[in-house]
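**Q** Structure here, sequence nowhere to be found:
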């Protein structure tokens with residue numbers, strides 16, 4: 001992890017030095033294809049692929065976080081999975097994107113705190129003091145399954161550290177999504193990547209085409225239109 005962070009900082013420093021030496025300005029967004037914008041999304045398969053390479057998480061980051069949360073719940077199936085499920089329900093209950101963005105920093109803080117707490121649980125106390133945990137005392141009404149489900153530190157049934165990997169991936173996606181919520185308020189980013197505003201449900205059908213920037217793909221004018229027909233029409237039945 002330290003090597004990756006050092007490599008990232010080295011690249012950023014080199015880019016900053018190169019731009020300063022050649023009098024270049026930094027791009028608005030950290031993308032691979034700087035000349036690809038929202039206007040190129042419906043302009044062929046190649047430009048569509050380039051756009052999603054640049055802005056996939058900008059468009060589908062929130063859904064990716066939800067899938068990662070479900071993955072954590074399914075992989076863990078313990079007390080902390082129940083906490084993750086409660087957070088997921090609380091976030092989904094807010095429904096609108098702006099409402100979710102308001103509570104998202106608290107969700108990221110929760111993930112950072114809980115993964116740190118679980119890390120210390122996995123380390124546990126040193127066995128040198130020869131003192132057992134209270135749930136292993138005589139008369140304690142705890143068995144191995146309860147200790148495993150509660151993710152307690154234990155010398156016999158050790159907590160599974162692999163669960164921290166799933167939590168870390170969720171924290172990584174949630175942190176990226178927090179940055180996306182901040183970028184959505186920048187006009188320069190909205191010009192390049194488009195906005196993520198929900199289409200109004202009360203919009204008049206007659207004037208819908210005036211507000212929808214996506215061209216009609218039903219008549220299949222290109223391979224991209226054919227791909228859209230397969231995804232949005234035929235895959236609906238699978």
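**A** Yes, it's here. In this text, all values refer to a predicted model and were calculated from it rather than measured experimentally.

**Q** Please, which helix or strand holds the residue most central in space within the chain?
**A** Nearest to the geometric centre of the chain sits residue 173, at 2.8 Å (C-alpha atoms, centre = their mean). According to DSSP states H and E, residue 173 maps onto helix 162-183.

**Q** Can you name every helix or strand that that helix contacts?
**A** Helix 162-183 sits against helix 44-76, helix 97-123, with contacts defined as 3 or more C-beta pairs under 8 Å, 6 or more residues apart in numbering; DSSP states H and E. (C-beta placed from N, C-alpha, C; glycine too.)

**Q** Tell me, how many residues neighbour the closest residue in space to residue 76 that isn't next to it in sequence?
**A** Nearest non-adjacent residue to residue 76, counting by C-beta to C-beta, 6 or more residues apart in numbering: residue 163, 5.4 Å away. When neighbours are counted by other C-beta atoms under 10 Å, residue 163 registers 19.

**Q** Check what pLDDT residue 163 gets.
**A** pLDDT for residue 163: 93.

**Q** OK, contacts around it?
**A** Neighbour list for residue 163: 75, 76, 78, 80, 118, 151 [criterion: C-beta atoms under 8 Å, 6 or more residues apart in numbering].

**Q** Make a ChimeraX selection of the buried ones in those.
**A** Of the contacts of residue 163, the buried ones go into a single ChimeraX selection, burial set by 16 or more other C-beta atoms under 10 Å:
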select :76,78,80,118,151
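
**Q** residues near residue 111, how many?
**A** The burial count for residue 111: 22, using other C-beta under 10 Å.

**Q** Any stretches of the protein with poor pLDDT?
**A** For the chain, applying pLDDT under 70 flags the ranges 1, 128-130, 199-213, 236-238.

**Q** before we move on, the earlier item: is the residue nearest to the centre of the chain in contact with residue 72, as I believe?
**A** No - using C-beta atoms under 8 Å as the test, residue 173 is too far from residue 72 to be in contact (10.5 Å).

**Q** Now do the contacts for residue 76.
**A** Under the criterion of C-beta under 8 Å, 6+ apart, the neighbours of residue 76 are 84, 163, 166.

**Q** The first one: what's it in contact with?
**A** The neighbours of residue 84, taking C-beta under 8 Å, 6+ apart as the test, are 69, 72, 73, 76, 170.

**Q** Can you tell me how far it is from residue 115?
**A** 11 Å (C-beta to C-beta, to the nearest Å).

**Q** What's the local residue count around the nearest residue to residue 68 once chain neighbours are set aside?
**A** Leaving aside its sequence neighbours, residue 68 sits nearest to residue 170 (C-beta to C-beta, 6+ apart; 4.5 Å). As a burial measure, residue 170 scores 23 neighbours (other C-beta under 10 Å).

**Q** Against residue 153, how distant is residue 170?
**A** To residue 153, residue 170 is 22 Å away according to C-beta to C-beta.

**Q** Then residue 118?
**A** Relative to residue 153, and taking C-beta to C-beta, residue 118 is found at 10 Å.

**Q** between these two, what contacts are shared?
**A** Common neighbours of residue 118 and residue 153 (C-beta under 8 Å, 6+ apart) are residue 159.

**Q** list the contacts for the closest residue in space to residue 69 that isn't next to it in sequence?
**A** Distance criterion C-beta to C-beta, 6+ apart; nearest residue to residue 69, sequence neighbours excluded, is residue 88 at 4.9 Å. Applying C-beta under 8 Å, 6+ apart to residue 88 gives the contacts 66, 69, 70, 73.
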